[in-house]
Every structure is written in structure tokens, then in C-alpha cells.
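Trainee: Sharing a sequence plus its predicted fold:
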Amino acid sequence: MLQEASTSTSPIARDVPRIAHEALKPHESCNALDAGFLEAVALGEVRLTPQQALDLLQHAPLHTLGRFADLRCRTLHGDSIRTYVIDRNINYTNVCNAKCTFCAFRRDGDEHDAYTLNYSAIHAKIDELVAIGGTQILMQGGMNPALPLEWYLDLLQSIKAKYPHLHVHAFSPPEFIEFVHFFNPPGTTLRDKIYHVMVQLKEAGLDSLPGGGGEIFAPAVRRKIGLGKCDATAWLDCMSVAHELGMFTSATMMFGHIEGLADRVHHMARVRERQDEALSRGVDGWGHYTAFISWPFQRENTPLGRLPEWGEQEGELDAPFPGDVVAKLDGTGKKTEHTEFGRRVRLAGASDYLRTQAVSRLFLDNIYSIGSSWVTMGPPIGQMGLMYGANDMGSVMMEENVVSSAGTTYCLNEAVLCRLVRDAGFVPAQRDNFYDVLRVQDGAASPDQQVRDWSKHRVPRLAQHAPIAKPTVTLTATAAAR
């Protein structure tokens, strides 16, 4: 039984953005690097413009970004508690009709390792989650044209029947857009069609939507890296429909590939605009974005990762990166503006990751929670993220198949996650999908305080679906056959 949190949780976290939301005014004439101005931003007194956010991303010292992103986080969340969730990422199928160049997970459907899990297999995974105190599942898959709507409805109903208290966080916007294409629901607009499908899934047991498939919104970039995936407007409209239905969602961004820095800011700006719209609707009946999580592209085993990195050829570092030449803060950049656009990648390391996360905390003044991405960056940098604006360490990782397909294999259990938070100077606390605290780990019974031998808590690899073994075929050639 989860203990009630002893800390103040009223109003609940999901309503904090509504209560705190005001029409913050930008001060365009202010120098983004001015310490007084940044303090006002961190205290929620003024709003950054996209240009000021870009100036920070390009020019602010790393320690300055960390200082003020941390102040902003403390202003919202206090000095003590930083959270995590116990859930499981269930990738129910890897069959997908999109051909994203950054993905090593997808299959066409006829390969030996293509799969779609049956309900029993999914239930077995949930049983393992419930056994360790899990409270939700994150369920996403490839966009599989072979699965009818009834498959999803029956799946959700089966989960809710067996696990009525489990929160189902599932089906990102690209999946919903493909649901519309696959199921051809009634409606005169895309939003109408999304609504028709989403209502049925919500009634069957869907509780909220993850922000998967956000990538980068700028059309020039998105068309290059996400062939077959929905555009930014469709992604955002899908989330708006979820908010209209009272569901809470997250937003994401994947950076560190062909995009320019202005593309990152444009992406955040579009999320902030839609969050303003959602919050303006009032408290009753409407959802909104609860969190923003960004992470760097993982290149291993992906088509996009085979592109040469910018700077490998002599003289390249003295010239602007093609993505920066194309990128515009309003998203209107054209691929024709640089002949090498989309042919070079600029990977993001630890400092670039921390810079981007810190700017997201300062710029996204209407989003309550920022998640640290230890899954892609590794536990030490994920821990550092708590000092660069993140209030949440994300999930224990029982299983993950998408990012790990691209070479990332970090895996943490609850004890290690708690220790990372505590060693960073905070008190770990388990939360739910709404970022409300369920249990504060401040006593001797905390998972990390129970550990006596930490060598037993280093899991070398994530749990993954074992590929289906290829059948062994023996060919016998005879003289007649020749």
C-alpha cells in the first residue's frame, strides 16, 4: 500500500499550471544574458521570447544556464523533493509503415524479428510491473496496419478489467494519425476523425497520451527524418483533442541530428503556444501538458546515424552548420538554403543536452515538470539534469526496445534511481502520471537505504523482446538438381 505523501500537495500538481498561469509579457528589448533579467524569468515574472531563448542556447555559459534553470525549478517545486515513477514501457508491436531515418526499432512485418504481442504476453509484463509496485504502463508501438480498432479496444478493456487501478499512458500522436488512416472514422476534419477514435479508446480504458513522435516540428527537418510520420500540426492537434477530452499529456523533443538550434526553440514555442490555449480553457474538464522531456538522437543502427558528422571534413567547423543556416524561429526554413542540409549530423553531447534542457525549463514557463533523460544520456548526466531544471528522473526501466535498438542499454531499478536523486542533494519521491507525489522516500525504509551490497543493483542491459529464431534450413544439392 502506498503511503500518503506528507508534503503539501494541494493544489495537486496537474492544476498548478492553471492556477499559476497568467499572461506573462515578454520584454523583447532585454539582453537574454543579463543576470537580473534571467532571475526575473526564473521567478516567473517575465516570459522569454524565442529570440532570447535562442540567444541563451547559443551564447550563455553552461553554469549560468544551470544556475537559473535550477532557480526556476526550485521556484516551482521547492528545494527538496525530486520525483520518479514506477512504470513499464511496453512496445506492443515493432511492425510500422513509417520509415523514420532515426529509428532502429521498426520492421516491415515479414522479417524474422517482427512481432506483435498477444494480450497474454502484455498481461504477463504488467504482472511483473505490479509485483514491484508499478502504477502505470507506457504503451507504444509501431504503426501496424494489420491491427484493427477492435484489437486496441479489446486490449484496453482487458487491461482495465484485470488491473483497474493501473494508469494506461498509451498511443502517441503518430499512432493516432495512423489510426485515422487505417480505420477511416467518420468526420469532416482530421480533428473530428481523431476525436471519434480517441473517445472510443478513452471509454475502453485509455487514461492519457505520451508525447512520443514529437521529434522536431520544423517542416524541413521533419520531412527529412520522419518519412511517413504525421506533421507538426497534426501532432499538436491530436494532443489538443486529448486535452479537450480531459486527458493530460506530455510533450517531447528529439534533437542532435540535422536540425539547427533555432529549430529546437521553434519546437518549444509551438508547445508553449498550445499549452497557453489549453490553460486558457479553465480548470473544469480540460487537460493540458504535464511535462516536457527532451533527449539527444542515438545514432547506432539507424540510417540517419550513418551520415557523416559535421566537422569531419577539413574546414567544416569554420563554417556554419547546415541545419543552422536553414533553421528559422518561425519554422519556415527551406532545405534548399544549404546544399548539405540533411547530409550531415551534429550530435549532441552532455553539455549540449544540459544546455537544451535548461533552456526548456526557462522558456516553457507554463509547463510544470521537466524530465531528465538518463535513459539516453546515462545515469550520471541524468543526475546532473536535476541541477539543470529537471524535477523528475523519469521511470525505472524494466524494459525498453526503441532507444535500446539504437545502442542505449542503461537500466536502473528503484533503489539506484533513489540513490541518484539523493546523491544529487534531493529527497526522492515516487509520483504518479499526473506528477502528484505518492510516497516520499525520506526514511530508513526507502529502497536505497535498504541496500547493503550495491554490486547487486547494477543491471547491465535492458530487458528486450528476444528476436524470434530463424529456422534452420538445410539445402541438399544433387547432380540432377544441378
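Mentor: Perfect, I can see it now.

Trainee: Which is the succeeding secondary structure element to the strand or helix carrying residue 68?
Mentor: Secondary structure here is read from DSSP states H and E; on that basis residue 68 sits in helix 62-77. Under the assignment DSSP H and E, the closest C-terminal helix or strand after helix 62-77 is strand 81-85.

Trainee: Name the strands paired with the following helix or strand past that next one and say parallel or antiparallel.
Mentor: Downstream of strand 81-85, the first helix or strand assigned by DSSP H and E is strand 87-91. For strand 87-91, the pairing partners within the sheet under DSSP bridges are strand 136-140 (parallel).

Trainee: Any chance you could list what contacts the partner strand?
Mentor: Outside of strand 136-140, the residues within contact range by Cβ atoms under 8 Å, 6 or more residues apart in numbering are 85, 87-92, 122, 125-126, 129, 159, 166-172, 175, 207, 210, 212, 395, 402, 432-433. Backbone N, C-alpha and C define where each C-beta goes, glycine included.

Trainee: among those residues, which ones are buried?
Mentor: Using 16 or more other Cβ atoms under 10 Å as the burial test, the contacts of strand 136-140 include 85, 87-92, 122, 125-126, 129, 159, 166-172, 175, 207, 210, 212, 395, 402, 432-433 as buried.

Trainee: can you tell me which of those are in helices?
Mentor: Judged by DSSP state H, helices contain the following of those: 122, 125, 126, 129, 159, 175.

Trainee: which of these lies closest to residue 29?
Mentor: Taking Cβ to Cβ as the measure, residue 175 is the one of those closest to residue 29, at 43.6 Å.

Trainee: And the closest one, how close does it get to residue 34?
Mentor: Separation of residue 175 from residue 34 (Cβ to Cβ, to the nearest Å) stands at 43 Å.

Trainee: now do residue 224
Mentor: As defined by Cβ to Cβ, residue 224 lies at a distance of 36 Å from residue 34.

Trainee: More neighbours: those two, which one.
Mentor: Applying other Cβ atoms under 10 Å to residue 224 and residue 34 shows that residue 224 carries more neighbours, namely 20 against 11.

Trainee: My guess is the more buried one contacts residue 343. True?
Mentor: No: at 9.5 Å, residue 224 does not count as touching residue 343 under the criterion of Cβ atoms under 8 Å.

Trainee: in this structure, what secondary structure element scores lowest on mean pLDDT?
Mentor: strand 99-100 (a mean of 58; mean pLDDT, DSSP states H and E).

Trainee: so where do the strands sit in this protein?
Mentor: For the chain, the strands defined by DSSP state E cover 81-85, 87-91, 99-100, 136-140, 167-170, 226-227, 249-255, 289-296, 369-371, 392-395, 427-431, 437-440.

Trainee: Please identify the most buried of these.
Mentor: Ranked by average neighbour count under the criterion mean count of other Cβ atoms under 10 Å, these are headed by strand 369-371 at a mean of 27.

Trainee: How far away from the center of its chain is that strand?
Mentor: Between the centre of strand 369-371 and the centre of its host chain there is 10 Å, according to Cα atoms, centre = their mean, to the nearest Å.

Trainee: average pLDDT for that strand?
Mentor: Strand 369-371 shows a mean pLDDT of 97 in the predicted model.

Trainee: Can you tell me which of the ones in helices among the buried ones among the contacts of strand 136-140 is nearest residue 75?
Mentor: residue 129 (33.8 Å).

Trainee: Pretty sure that closest one sits against residue 395.
Mentor: No: counting by Cβ under 8 Å, residue 129 stays clear of residue 395, with 10.4 Å between them.

Trainee: shared neighbours of those two, which are they?
Mentor: Common contact partners of residue 129 and residue 395 (Cβ under 8 Å, 6+ apart): 86, 87, 88.

Trainee: counting contacts, what elements does the helix holding residue 68 pack onto?
Mentor: Counting by 3 or more Cβ pairs under 8 Å, 6 or more residues apart in numbering; DSSP states H and E, the packing neighbours recorded for helix 62-77 are helix 35-42, helix 350-363.

Trainee: which sections of the stretch 351-482 of the chain are below the confidence cut-off?
Mentor: Under the criterion pLDDT under 70, the flagged ranges of the stretch 351-482 of the chain are 399-411, 458-482.

Trainee: again but with the chain, I slipped
Mentor: Within the chain, the set of residues satisfying pLDDT under 70 comprises 1-12, 15-23, 97-113, 283, 399-411, 458-482.

Trainee: Quick check, central residue of it?
Mentor: In the chain, the residue lying closest to the centroid (Cα atoms, centre = their mean) is residue 252, at 4.1 Å.

Trainee: Quickly note the distance from that one to residue 195.
Mentor: Distance from residue 252 to residue 195, counting by Cβ to Cβ: 22 Å.

Trainee: Can you give me the end-to-end span of stretch 166-175?
Mentor: For stretch 166-175, the first-to-last residue distance is 21 Å (Cα to Cα, to the nearest Å).

Trainee: Show me the helices in the stretch 101-250 of the chain, by range?
Mentor: Secondary structure of the stretch 101-250 of the chain (DSSP state H, counting those that start in this stretch): helices located at 119-131, 149-162, 173-183, 190-204, 219-225, 232-244.

Trainee: who are the neighbours in contact with the closest residue to residue 92 other than its chain neighbours?
Mentor: Once its chain neighbours are removed from consideration, residue 92 has its nearest residue in residue 141; the separation is 4.3 Å (Cβ to Cβ, 6 or more residues apart in numbering). Contact criterion Cβ under 8 Å, 6+ apart gives 91, 92, 93, 94, 95, 96, 116, 175 as the residues in contact with residue 141.

Trainee: how about a cut-off of 10 Å?
Mentor: Contacts of residue 141 were listed using Cβ atoms under 10 Å, 6 or more residues apart in numbering, and they are 90-96, 105-106, 115-117, 147, 152, 170-172, 175, 401-402.

Trainee: do the same with residue 213
Mentor: Residues counted as contacts of residue 213 (Cβ under 10 Å, 6+ apart) are 98, 100, 140, 143, 172-177, 226, 229-230, 234-235, 238, 252, 254.

Trainee: and the gap between residue 281 and residue 116?
Mentor: 37 Å.

Trainee: Residue 398 now?
Mentor: 20 Å.

Trainee: Just want to know which of the two has more residues nearby.
Mentor: Counting neighbours by other Cβ under 10 Å for residue 398 and for residue 116 shows that residue 398 has the greater number, 21 against 16.

Trainee: I'd assumed residue 90 was in contact with that one.
Mentor: Yes: taking Cβ atoms under 10 Å as the definition, residue 398 is a contact partner of residue 90 at 9.4 Å.

Trainee: Now do the shared contacts for these two.
Mentor: Any residue near both residue 398 and residue 90 by Cβ under 10 Å, 6+ apart counts here, and that gives 125, 129.
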